[in-house]
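Chemist: Sequence unavailable; structure follows:
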C-alpha cells in the first residue's frame, strides 16, 4: 500500500471533533452516532447526505448545509457530493470491524 493510501485511511479515521465543523454540526453528528469522517462518508455514499436530515431530528437543513460546505472547503467532497475517498470505504470499514473485534 502506498503512503498516499495510508494517508487516506488516516483521514477516514479522523474524529468528528477534529474536523473544522461548527459546534452545531459536531453535536448533530454525535447525536447520529457518526464518530469519524469515514462514518459520515459511508452514510453519504450509501444513503445520500440528506438521509441524515430525514432520519435524525437533531440534524436539520442548517447542519447539513454547514457540514457539506466544510467538506467542500476541505476538498473531501466535490460540488456534486462525490468524494475521492469513496473507493477506500469498503476496506476502511473492514478494518474498523476487525479492530473492534479484537
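Modeler: Great, that's in hand. Please read these numbers as outputs of a predicted model, since none were measured by experiment.

Chemist: Which residues are in contact with the nearest residue to residue 71 once chain neighbours are set aside?
Modeler: Distances taken as Cβ to Cβ, 6 or more residues apart in numbering place residue 77 nearest to residue 71, at 4.5 Å, with adjacent residues excluded. C-betas here are computed from N, CA, C, even on glycine. Each residue near residue 77 by Cβ atoms under 8 Å, 6 or more residues apart in numbering is listed here: 44, 68, 71, 83.

Chemist: which stretches of this structure have low pLDDT?
Modeler: The chain contains residues with pLDDT under 70 at 1-3, 97-102.

Chemist: Tell me the one of the contacts of residue 77 nearest residue 62?
Modeler: residue 68 (11.1 Å; Cβ to Cβ).

Chemist: What residues sit buried inside stretch 75-83?
Modeler: 76, 77, 83 (16 or more other Cβ atoms under 10 Å).

Chemist: ok, so of the residues you listed, who is nearest residue 64?
Modeler: residue 77 (12.4 Å).

Chemist: Okay, and the beta partners of the closest one?
Modeler: Per DSSP bridges, the residues bridged to residue 77 are residue 83.

Chemist: The contacts of residue 77, buried ones only, as a PyMOL selection?
Modeler: Those of those that count as buried under 16+ other Cβ under 10 Å are selected in PyMOL with:
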select buried, resi 44+68+71+83
